[in-house]
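Colleague: Sequence and predicted structure below; questions after.
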Amino acid sequence: AAGKALQEKKAAKAELSLLPVEPYMRLCDACGTRPAEKRFTKDSNGNLLCLSCTQKRAEGMEIRRGKGGKGFVWEFRKFIEENKLDPVWLEADLPEDLNQLGELDGSGYIGYISADGNHMGKMLSLMETEENYHQFSDRLKNTMSSIVFEILAKKTKPVKKGGNLILPFEIVLIGGDDLMIFTSASFAPMLAVEIVQRFESESKDILEKVGLLEADFFERLKSNYGSDDLPISRDEPFLNHKKLTMAAGVVICHSSFPVPALVEIGEALQKKAKQKCSEAEIKYSQGAIDFQVITGSASDLESARAAVPHHRPYTLSNMKQLIKYTQAFREANFPRTQLQMIYDSCHYQRRAQATLATLHTLGGLKKRKHRKLLKDFFAFFAPAGYKHLQWPWTYIPDNSSEDKKLKSALIDLVDLSAFTNYPKEAMNDKPNEN
């Protein structure tokens, strides 16, 4: 028996560990393990695929385009019909790829939104019955789907391209409180604000339906867990604010930017937004959004933000104000060169140099409405007590040797201004006065 086992072990060395494909065969471009059998011609890639991957890709394309009663496009169209919204959406199809999505607004750029609810794991642990657990999960998913579908339907429009109507977005994931979506670059910041805001406003109903806001909820929790092992305290954010909050990351980049790096940056931004929500002065009273515009070769968030004195992430309310200010500067025809001069001076990260550039710009602006708009912007985003001699900085470290920690919201205004050129009716109210 031992001799036979030894023979089998020696024979195993002679077995082929890999299929010999050259020069007569080629491995499947998708799985890389089976021989390719045919070229896939239903997309622009033209990959050589094995039979299994061919079938999977064909079925995936059908689902992606809303056929067969599956996929987010099918769910979106169903939502349009059930809610009697603009039927033009029923005629629109997905963009062929991200390159076409980037062409829809003429920028060549795309937006990517990664959003996630705060403390969802903790919320599930508070469910008192299995029925409540499923009810919370189902309501969360249904609410999130309805929010996303309605906002997309009412805040964006299909674009006519080559005689066909094209959707200016593609939903990758709506999984309960999780969201991953590609959009035209010009819509991404506004959509992120709208989604986070709507999630907060509609979350109270979810909490009420599963009994988490009932007057005796905390007493029931004590009886179930005991006073010493409670999973939450009485000042839990959702109990204080009677709502759930969400954090989102928004990436704006060229349509040819590598998708894996894009998703990674989106997740990193989302984490920074979550950290913003947890800050002591906010304490989950509202959501937060972080964003990044990638214009160079940076492949990660750290390198993209190197030596950039930005003021991100923003709370939901401040992000909304930032977007409104980008609209206000555009509608006022504010001189772009003047903003650029302040923007460039901020990158030197020397507080006096940027302040002098700001005062020089204010002194050179001929129109009173331009001077007022710029002053209002700095006044809104600066902490209480800041004076004009500290503009354009919206954060100044106590130690003058730490100028590398200077922050300016004007950096974010300029970065975002090229990608918020959506219809006025989408967000047409003016910035709040400080």
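Modeller: Nice, I can see it.

Colleague: And stretch 269-284, what's buried?
Modeller: Within stretch 269-284, the residues scored as buried using 16 or more other C-beta atoms under 10 Å are 269-274, 276-277, 282, 284. Yep, even glycine has a C-beta here, placed from its N, CA and C like the rest.

Colleague: State the mean pLDDT of it.
Modeller: Averaging pLDDT along stretch 269-284 gives 96.

Colleague: And Ser107, how far from Ser114?
Modeller: Ser107 sits 20 Å away from Ser114, taking C-beta to C-beta, to the nearest Å as the criterion.

Colleague: Could you pull up the contacting residues of Leu191?
Modeller: Contacts for Leu191 were tallied using C-beta atoms under 8 Å, 6 or more residues apart in numbering; they are 111, 113, 151-152, 155-156, 181, 183.

Colleague: Find the pair from these with maximum spatial separation.
Modeller: Farthest pair in these (C-beta to C-beta) is Gly111 and Ile151. Separation: 13.7 Å.

Colleague: When these two are compared, which one has more neighbours?
Modeller: Remark: of Gly111 and Ile151, Gly111 carries more neighbours, 30 against 19, as counted by other C-beta atoms under 10 Å.

Colleague: Might you calculate how far the helix or strand where the more buried one lies sits from the centre of the chain?
Modeller: Using DSSP states H and E, Gly111 falls within strand 109-117. With C-alpha atoms, centre = their mean, to the nearest Å as the basis, strand 109-117 stands 2 Å off its chain's centre.

Colleague: List the strands paired with it, with their directions.
Modeller: Sheet pairing for strand 109-117, assigned by DSSP bridges, gives strand 178-184 (antiparallel), strand 246-254 (antiparallel).

Colleague: which stretches of the stretch 1-150 of the chain have low pLDDT?
Modeller: Residue ranges of the stretch 1-150 of the chain with pLDDT under 70: 1-24, 44, 65-69.

Colleague: Which residue ranges of it form helices?
Modeller: With helices called from DSSP state H, counting those that start in this stretch, the stretch 1-150 of the chain shows them at 2-13, 51-64, 71-82, 98-103, 120-125, 130-155.

Colleague: buried ones in the second one?
Modeller: Same thing as helix 51-64. 53-54, 57, 64.

Colleague: again with the longest one
Modeller: Buried residues in helix 130-155, defined by neighbour count with 16+ other C-beta under 10 Å: 132, 135-137, 139-140, 143-145, 147-153, 155.

Colleague: Next: the fourth one.
Modeller: Along helix 98-103, these residues count as buried under the neighbour rule (16+ other C-beta under 10 Å): 98, 100-103.

Colleague: Centre of the chain to it, how far?
Modeller: Here helix 98-103 shows a centroid-to-chain-centroid distance of 18 Å under the convention C-alpha atoms, centre = their mean.

Colleague: So that it lines up with my notes, have the first residue be 464 from now on.
Modeller: Shifting the count to begin at 464 puts that one at helix 561-566.

Colleague: Can I get that helix in PDB? Just the C-alpha atoms.
Modeller: Extracted in PDB, the C-alpha atoms of helix 561-566 (Å, rounded to 0.1, in the frame of the first residue of the first chain):
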ATOM      1  CA  LEU A 561     -18.700  54.900 -18.800                       C
ATOM      2  CA  ASN A 562     -17.200  56.700 -21.800                       C
ATOM      3  CA  GLN A 563     -20.600  57.400 -23.200                       C
ATOM      4  CA  LEU A 564     -21.900  58.400 -19.700                       C
ATOM      5  CA  GLY A 565     -19.100  61.000 -19.600                       C
ATOM      6  CA  GLU A 566     -20.200  62.400 -23.000                       C
END
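
Colleague: That one - contacts with which helices or strands?
Modeller: In terms of contacts (3 or more C-beta pairs under 8 Å, 6 or more residues apart in numbering; DSSP states H and E), helix 561-566 is packed against strand 572-580, strand 641-647.

Colleague: Please identify which of these is closest to Lys829.
Modeller: strand 572-580 (32.7 Å).

Colleague: For the closest one, C-alpha coordinates in PDB please.
Modeller: Backbone C-alpha positions of strand 572-580 (Å, rounded to 0.1, in the frame of the first residue of the first chain) are rendered in PDB as follows:
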ATOM      1  CA  TYR A 572     -16.100  63.200 -16.700                       C
ATOM      2  CA  ILE A 573     -18.300  60.900 -14.600                       C
ATOM      3  CA  GLY A 574     -19.500  61.000 -11.000                       C
ATOM      4  CA  TYR A 575     -19.500  58.100  -8.600                       C
ATOM      5  CA  ILE A 576     -21.500  58.100  -5.300                       C
ATOM      6  CA  SER A 577     -20.900  55.700  -2.500                       C
ATOM      7  CA  ALA A 578     -23.300  56.200   0.400                       C
ATOM      8  CA  ASP A 579     -23.900  54.200   3.600                       C
ATOM      9  CA  GLY A 580     -26.200  54.700   6.700                       C
END
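
Colleague: sorry, back to before: could I get the helices of the stretch 464-613 of the chain as JSON lines with distance to Leu636?
Modeller: Converted to JSON lines, these look like this (distance: least, C-beta to C-beta, whole Å):
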{"stretch": "helix 465-476", "distance to Leu636": "43"}
{"stretch": "helix 514-527", "distance to Leu636": "13"}
{"stretch": "helix 534-545", "distance to Leu636": "8"}
{"stretch": "helix 561-566", "distance to Leu636": "16"}
{"stretch": "helix 583-588", "distance to Leu636": "15"}
{"stretch": "helix 593-618", "distance to Leu636": "10"}
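
Colleague: Tell me which of those helices approaches Ser719 most closely.
Modeller: Of all these, helix 561-566 sits nearest to Ser719, with 6.8 Å by C-beta to C-beta.

Colleague: can you list contacts of that closest one?
Modeller: With C-beta under 8 Å, 6+ apart as the criterion, helix 561-566 contacts 558, 571-573, 624, 629, 631-633, 645-648, 717-719, 722.
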